[in-house]
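*Asks:* Using only what follows, build the 3D model:
(4 chains)
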Number of protein chains: 2
Amino acid sequence: MRYKAGLETKDRILDATRSLIAGKGLEGTTIKAICDQAGVLPGSFYNLFASKEQAILTVVREAIDAVDPDPEGQGTDTLDELVLAYERFLEEQPALARVYIRIAVSGAATNPELSGRLLRHHEGRVRRFASAIQRQASEMAEEHATRRAETLVLALNGIALHRVLDPNFDVAAHARALLEDAAAVG
Amino acid sequence: MRYKAGLETKDRILDATRSLIAGKGLEGTTIKAICDQAGVLPGSFYNLFASKEQAILTVVREAIDAVDPDPEGQGTDTLDELVLAYERFLEEQPALARVYIRIAVSGAATNPELSGRLLRHHEGRVRRFASAIQRQASEMAEEHATRRAETLVLALNGIALHRVLDPNFDVAAHARALLEDAAAVG
DNA sequence: CCACTATTTGAGTGTTAACTCTAATTTGTG
DNA sequence: CACAAATTAGAGTTAACACTCAAATAGTGG
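*Replies:* Now for the predicted structure:
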C-alpha cells in the first residue's frame, strides 16, 4: 500500500465498518454491507485487510483509544475533567461509544485477546480515576480511593450502556449527578 | 404438544439456548449448536418452535422476568433488599444475567419491540427503587428520589456489564459499596 | 392391543456468509 | 512515455446458515 488511492479506500472501509457496527451491531456488519457502504468490491477489501475480523479489530482499537484520549498525561487531570471527558466522548462520538460497548459484550466472549485488552483498559482507567481522587482528597487511603474510583467507572459504564438502549438518554445530567454524589460522599 | 416427551424436549432446547447465548453470545447461538447441545435434530426443534427467534425470545423474556422476581409487591421492599436481590440474581443466575446484558446491547439494536420492552422494564425498576428510597427518607422530594434511583440502577447495570467481561469480578462487594454511598449521600 | 396422533428422524433446500483468483486498470517513477 | 507495482473489478468457491418435509417411531386413550 504505497499509493494514496489505497489509503483513501482503507479509510472509506473503516468508516463504513465503524458506522455499521454502531448502527446494526456485529451481526449486521458483513463484507457485502461494508463494501456497499464504502463503494468498493470484495476484491478491494481483501487487498487491504486480511480478514473481516482485522477491519473490525482496527475499529475497536480506535474506539478503546478514544475513551481515553490522553493516557500519558497521568498526573494532572481532576476527577471532574475525567468524568466530563467521558461524557463528551459519549456525546460526540456515539458511533465509537456503541462499538466499544458492543464489542465489550459480544466480541469479548469469543475473543480472549480482546477481553484481556478491555480488562487492562478498564484497570488503567480505574488507576487514573483513583489518582485524581487522591489528589483531590490527599488524606484518603489509596485502597479507599481505588474502591471509589472503581465504583465511579462502573457507574459511568452503566450510563454508556443505557445510552446504547436509549438514544435520547441524558448522559450529561447523569454524569453530573455521579460527580455530585462523589463529592457528597467525600 | 400433549405428550410429556415434547415438554422435556422443549426444556432441553431452552436450556441449551440460554447457555449458548450466555456463553457465546447471539452469534454463536445457531440452530445446529442448540440442537447438538440439546441432543435433538433440527426437525424436532421446528416441531416445537416456529423459528430460532421464537426460542431466543422465550429465553429473553425469562431473563427479564428473573431480574425483577416480584414486580407486583411494590410497596414493601427496602432499598437494601432491592439491591441485594439484584446482587443475588447476578450471582445465582449468571446465565440469565448474561442473556439480559447481551440482548440489551446486541438484540435491541435490530429489534425495536425488544428495546421497548427493556426500556419499560428499566423504568419500572427505577420507580420501584425510587419508592423504596422515599419510604426510607420520607422528607425527600419524589423527583429527587427518582433521580437517585436512576443513578443507582444504572450503576448496578454497570456492575452487571462488568461481570459479563470478568467472571471473577466481585459483584457483592461493589453492590454493597453502592449501598454505603447511597446512605452517605442521603 | 389397537388406532390415532405427537414426536423424532435425517437427508435435503435455498440463501447468504466470508473469502479467493485472475484479468483489467490505475498510479507513481525514472 | 514506458514499465512495474499497486489497486480494483467481479465472477466464482466453499461452507455454514435457517428452515422443510416425508417417512419412521413412540406415547396415549379406548
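*Asks:* near DNA strand D, which residues of chain A show up?
*Replies:* A:1-3, A:5-9, A:40-44, A:46-48 (Cβ under 7 Å from any atom of the strand). C-betas here are computed from N, CA, C, even on glycine.
*Asks:* let's see it at 10 Å
*Replies:* For chain A, the residues in contact with DNA strand D (Cβ under 10 Å from any atom of the strand) are A:1-10, A:12-13, A:31-32, A:35, A:38-48.
*Asks:* Name only those of these that count as buried.
*Replies:* A:Thr9, A:Lys10, A:Arg12, A:Ile13, A:Cys35, A:Ala38, A:Val40, A:Ser44, A:Phe45, A:Leu48 (16 or more other Cβ atoms under 10 Å in any protein chain shown).
*Asks:* Now do the helix or strand that contains A:Asn157 and helix B:142-165, the angle between them.
*Replies:* Assigned by DSSP states H and E, A:Asn157 belongs to helix A:142-165. Relative orientation of helix A:142-165 and helix B:142-165, computed by axes from the mean of the first three to the mean of the last three Cα atoms, to 10 degrees: 100 degrees.
*Asks:* Which parts of the helix-or-strand element of chain A with minimal mean pLDDT count as buried, going by neighbours?
*Replies:* Using mean pLDDT, DSSP states H and E, helix A:108-110 stands out as the lowest-scoring helix or strand of chain A, at a mean of 75. Buried residues in helix A:108-110, defined by neighbour count with 16+ other Cβ under 10 Å: A:Ala108, A:Ala109.
*Asks:* who are the neighbours of it, in terms of helices and strands?
*Replies:* Using 3 or more Cβ pairs under 8 Å, 6 or more residues apart in numbering or on different chains; DSSP states H and E, the elements in contact with helix A:108-110 are helix A:112-136, helix B:4-24.
*Asks:* ok now do the residue lying farthest from the centre of chain A, which residues does it touch?
*Replies:* When each C-alpha in chain A is compared with the mean C-alpha position (Cα atoms, centre = their mean), A:Glu139 comes out farthest, at 32.0 Å. For A:Glu139, no residue meets the contact criterion (Cβ atoms under 8 Å, 6 or more residues apart in numbering or on different chains).
*Asks:* Correct me if wrong: A:Leu48 contacts A:Ile13.
*Replies:* Yes. If you go by Cβ atoms under 8 Å, A:Leu48 and A:Ile13 touch, sitting 6.5 Å apart.
*Asks:* correct me, but A:Val83 touches A:Leu156?
*Replies:* Yes. Between A:Val83 and A:Leu156 there is a contact under Cβ under 8 Å: 7.0 Å.
*Asks:* Could you name every residue contacting both of the two?
*Replies:* Jointly contacting A:Val83 and A:Leu156 under the rule Cβ under 8 Å, 6+ apart are A:Ala175, A:Leu178.
*Asks:* And those two? Which one has more around it.
*Replies:* Remark: of A:Val83 and A:Leu156, A:Leu156 carries more neighbours, 25 against 22, as counted by other Cβ atoms under 10 Å in any protein chain shown.
*Asks:* circling back to that earlier point, by contact count, what packs against the helix holding A:Asn157?
*Replies:* With contacts defined as 3+ Cβ pairs under 8 Å, 6+ apart, helix A:142-165 has these neighbours: helix A:79-92, helix A:94-102, helix A:112-136, helix A:171-185, helix B:108-110, helix B:112-136, helix B:142-165, helix B:171-185.
*Asks:* right, so of those, which gets closest to DNA strand C?
*Replies:* The closest of those to DNA strand C is helix B:108-110. By Cβ to the nearest atom of the strand, the value is 12.8 Å.
*Asks:* Off-centre distance for the closest one?
*Replies:* 16 Å (Cα atoms, centre = their mean, to the nearest Å).
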